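**Student:** please find the sequence and the predicted model below.
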Amino acid sequence: MTNDLKFFRELDEKLFMKIGYQTSTMKFQYALDNKIVDMELEDKEGILNNETVYLEDRDGVWNAEEYNLIISMNYYINNPGFLFNENGVALPGAEIGVALNWYSKSSNQRGIEHLGVIKADLDGGYQDELTYTFRKKQLSGDVTIELVLYLACESAQKHPYYADQVGTVLGTLDTRYLIIDGHGSAFPIAEVYAPERPLWFVTFNFTDPMSDPFTEEYVCINLNTAHRNFHLISGKKGMSDSPLLSEVIAGALQVIVQKVMEDEESENILSGNGFEDGTIAQAVFYFLTNFDWDISSPEQLAESIRKDWETRIGGEEADV
């Protein structure tokens, strides 16, 4: 975000409500053996702006290093005429383009893809499909996806309050924030060779959870390849196939949450205030608010994490 002054009309909340923007649920897929495979996500509902999605393949196959990532979503503008009237963002006769704008600070990459054009004389609503493919090894860490409106063709009319430079961004319809771990997990996990250490352990190297990113450099779940039981939690196994790996992750998450909640910013973390996108604080806030983990005591936290975790990875209760 910048603080630049704008002297032309842009999409605001009031106009956004008038145009009736809607979307389908965003889908995530990847290519495997010449087939397109749907990725099952833990949090796949909702069409709200600024939605954060942690990409995790339940089958334990997809990772950003070895596979591409295909995103797709249908979007609708039920009343596009409001974009062109006297309270809109473009003059009659102009054309408004729709584009996908994405950027990833952690990958140091960005891109833009033209999607379609909305004309003032359009009869009825406007609908289109957003589809984009990220190459393997292109992304790591996080990526922000925006659906933006821009001036595609200027009007013959002129007015000081309306943009007249083709390419000028007129507003953002939608923003999605994706957390992508380079090892194919929603969590910062690393395999380490440590002969004198246990099967797994957590390391911390953060100074401020409100600004330090949720990455291996600052907080890491270490899986020890030197341990005699490492084969039981090897990355070749999915968590649904390895109850021990599931228990390791649940235990590590408990350690991480308890450590972060010892910070002086714990109240702000719980209320969702003050932290930056992609940070340790945001990750913990997401876990607590979306998965109903109980932090009232260590034993309640341990139980609620495991109950939630085992349910989400497809665990079944034993017959009695």
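**Tutor:** In hand now; what should we look at?
**Student:** count of residues packed around Glu267?
**Tutor:** 11 (other C-beta atoms under 10 Å). The C-beta positions use only the backbone N, C-alpha and C, and glycine is treated the same way.
**Student:** ok, Leu151 next?
**Tutor:** 23.
**Student:** got the contact list for it?
**Tutor:** Residues counted as contacts of Leu151 (C-beta atoms under 8 Å, 6 or more residues apart in numbering) are Ala90, Ala94, Glu95, Ile96, Gly97, Ala163, Asp164, Gln165, Val166, Gly167, Thr168, Leu170.
**Student:** over to Ala226?
**Tutor:** Counting by C-beta under 8 Å, 6+ apart, the residues that Ala226 touches are Tyr193, Ala194, Pro195, Arg197.
**Student:** what helices or strands is the helix or strand bottoming out on mean pLDDT in the chain leaning on?
**Tutor:** Of all helical and strand segments in the chain, the minimum by mean pLDDT, DSSP states H and E falls on strand 51-54, at a mean of 75. For strand 51-54, the packing partners by 3 or more C-beta pairs under 8 Å, 6 or more residues apart in numbering; DSSP states H and E come out as strand 169-180, helix 280-291.
**Student:** other SSEs contacting the next helix or strand after it?
**Tutor:** Next in sequence after strand 51-54, counting helices and strands by DSSP states H and E, comes strand 69-77. Contact analysis of strand 69-77 by 3+ C-beta pairs under 8 Å, 6+ apart lists strand 21-23, strand 27-32, strand 126-134, strand 169-180 as its packing neighbours.
**Student:** so what's the residue count around Leu55?
**Tutor:** When neighbours are defined as other C-beta under 10 Å, Leu55 has 23 of them.
**Student:** now Asp308
**Tutor:** 19.
**Student:** please tell me how far it sits from Asp292.
**Tutor:** 7 Å (C-beta to C-beta, to the nearest Å).
**Student:** pipe the helices and strands packed on strand 51-54 into a markdown table and attach mean pLDDT, distance to Ala120 and mean neighbour count per row.
**Tutor:** Conversion of those to a markdown table gives the following (pLDDT from 0 to 100; distance: least, C-beta to C-beta, whole Å; neighbours: other C-beta atoms under 10 Å):
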| stretch | mean pLDDT | distance to Ala120 | mean neighbour count |
| --- | --- | --- | --- |
| strand 169-180 | 88 | 13 | 20 |
| helix 280-291 | 87 | 40 | 21 |
